[in-house]
Each structure stands twice: as C-alpha cells, then as structure tokens.
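K.L.:
Structure of the sequence below:
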Amino acid sequence: MIVLTSVLCAVLALAVLSALWAVAIYNGLVVLRNRYKNAYSQIDVQLKRRYDLIPNLVETAKGYLKHERETLEAVTRARNQAAGAAAALSKAPGDAGATCAFSAAEAGLAGVLARLMAVVEKYPELKADAQMSRVSEELASTENRIAFARQHYNDEVTAYNTRREVFPSSVVAGVFNFPEASLLEATQSDAERSAPQVKF
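P.N.:
Residues are numbered from 1 along each chain as shown. Presented below is the predicted three-dimensional model:
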C-alpha cells in the first residue's frame with residue numbers, strides 16, 4: 001500500500017511538473033508573439049508618419065512641377081497602396097501573405113519617391129524651397145526610424161521563431177498552433193534595397 005501510494009504520488013508530481021513546464025513554454029511563446037506584434041506597431045507608427053508627410057511633399061512640389069503631374073500622381077497612388085498594405089499587415093503582423101504584399105507596396109513607393117527626387121533635382125528653385133527642405137528632412141528622419149523599427153521587429157520575429165522551432169517548445173507550439181512569423185525582408189531590386197533619397 002505504501003509503495004502504491006509512493007508511485008501514485010510520483011506519477012502525480014510528474015504530471016504536475018509536466019503541466020507547469022508546458023504552461024511556462026506556452027506563456028513564453030505568447031510573450032514573444034506579443035513582442036513581435038508590438039515591434040510591428042512601432043513600424044506602423046513611423047509608416048503613418050511617413051504617409052502623412054508624403055502629401056505635403058507632393059503639394060509643395062506641385063507648384064514647381066506643373067509638367068510632372070504623372071509623377072506626382074504615381075507618388076500619391078503608391079502612397080495609398082503602401083498605406084493599405086501596412087494597414088492589412090498591422091491586423092496580422094508576421095503573416096506571410098500580408099508581409100509579402102507590404103514589401104511589394106513599399107518597394108513601389110520607394111521607386112516612385114526615388115523618381116520624384118530625380119525630377120526635383122532638375123528644379124533648383126524647388127530644391128531651395130524652405131517647405132520642401134523641411135518636409136524632406138522630416139521624411140529622411142522618418143526613413144531612419146522606419147529602418148530601426150524594422151530591424152527591431154525582425155529581431156523579435158527571429159526570437160519568436162527560434163523559440164517555437166526548438167525542442168521542447170516546438171511540441172507546445174505545434175499543439176497550440178503558434179505559426180511561423182515572417183520577417184520583413186528586402187527583395188533583390190535596387191529600389192527596395194535603398195531608402196528613398198530625400199536630401200536636397
């Protein structure tokens with residue numbers, strides 16, 4: 001009877017320890033998932049700031065670039081597409097499809113902003129405009145903040161993905177459906193690899 005009680009206590013203790021171990025791993029995965037979601041929200045804040053600055057940039061340039069209406073419209077369209085993709089990604093940070101759509105939209109925006117800056121180079125009076133200078137400076141500062149926030153997000157996603165892939169966390173991640181989160185990666189095009197140049 002004493003041996004049976006001892007075995008039963010040992011099995012019960014093992015079950016309790018296993019449950020506590022699983023709860024600790026589960027909670028750790030939740031913490032890491034929330035960290036990368038928070039890291040994306042920091043990117044989102046900076047992106048909104050950039051998207052708010054772009055109409056000011058376009059409006060300032062309009063007076064000088066009367067013959068470049070197509071370029072200005074392309075910037076506005078690309079800004080709206082990027083803002084939409086960012087909004088979709090903010091609802092599901094780490095989702096592979098949303099991340100891919102966001103990266104493509106950001107690449108398009110970077111390309112048309114680079115084209116706008118090339119056009120602006122042809123207009124010295126626009127480059128000297130105080131409003132254009134101020135908006136360009138703010139935009140450049142925001143690009144730096146976005147780059148830092150993206151790096152932080154990718155660090156958090158890497159920590160989460162690593163934890164969910166290593167044993168024994170992979171068992172808990174599989175049972176409780178913790179999906180892999182996608183990194184924000186630059187693709188191979190030059191426009192996506194470089195931030196828009198906004199210095200005058």
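
K.L.:
can you pull out the helices in this protein?
P.N.:
Here the chain has its helices, by DSSP state H, at 2-62, 69-91, 96-120, 124-127, 130-165, 169-175, 190-193.

K.L.:
Which strands or helices does the second one pack on?
P.N.:
Helix 69-91 sits against helix 2-62, helix 96-120, with contacts defined as 3 or more Cβ pairs under 8 Å, 6 or more residues apart in numbering; DSSP states H and E. For the C-beta atoms, the positions are set from N, CA and C on the backbone; glycine is no exception.

K.L.:
Nearest to residue 151, out of those?
P.N.:
helix 2-62 (9.5 Å; Cβ to Cβ).

K.L.:
related to what we said a few turns ago, between the helices and strands packed on helix 69-91, which one is nearest to residue 157?
P.N.:
Per Cβ to Cβ, nearest to residue 157 of these: helix 2-62, 4.7 Å.

K.L.:
and that closest one, what's its mean pLDDT?
P.N.:
On average, the pLDDT along helix 2-62 is 90.

K.L.:
cool, and stretch 113-120?
P.N.:
On average, stretch 113-120 scores 85.

K.L.:
Likewise for stretch 88-98?
P.N.:
Stretch 88-98 shows a mean pLDDT of 91.

K.L.:
For it, buried residues please.
P.N.:
For stretch 88-98, burial by neighbour count (16 or more other Cβ atoms under 10 Å) applies to 88-90, 93-95, 98.

K.L.:
Out of the residues you listed, which comes closest to residue 154?
P.N.:
Among the buried residues of stretch 88-98, and counting by Cβ to Cβ, the member closest to residue 154 is residue 94, at 10.8 Å.

K.L.:
And for the closest one, nearest residue in space, chain neighbours not counted?
P.N.:
The spatial neighbour of residue 94 that comes closest, neighbours along the chain excluded (Cβ to Cβ, 6 or more residues apart in numbering), is residue 181 at 3.0 Å.

K.L.:
what residues are up against the one you found?
P.N.:
Residues near residue 181 by Cβ atoms under 8 Å, 6 or more residues apart in numbering: 33, 36, 93-94, 157, 160-161.
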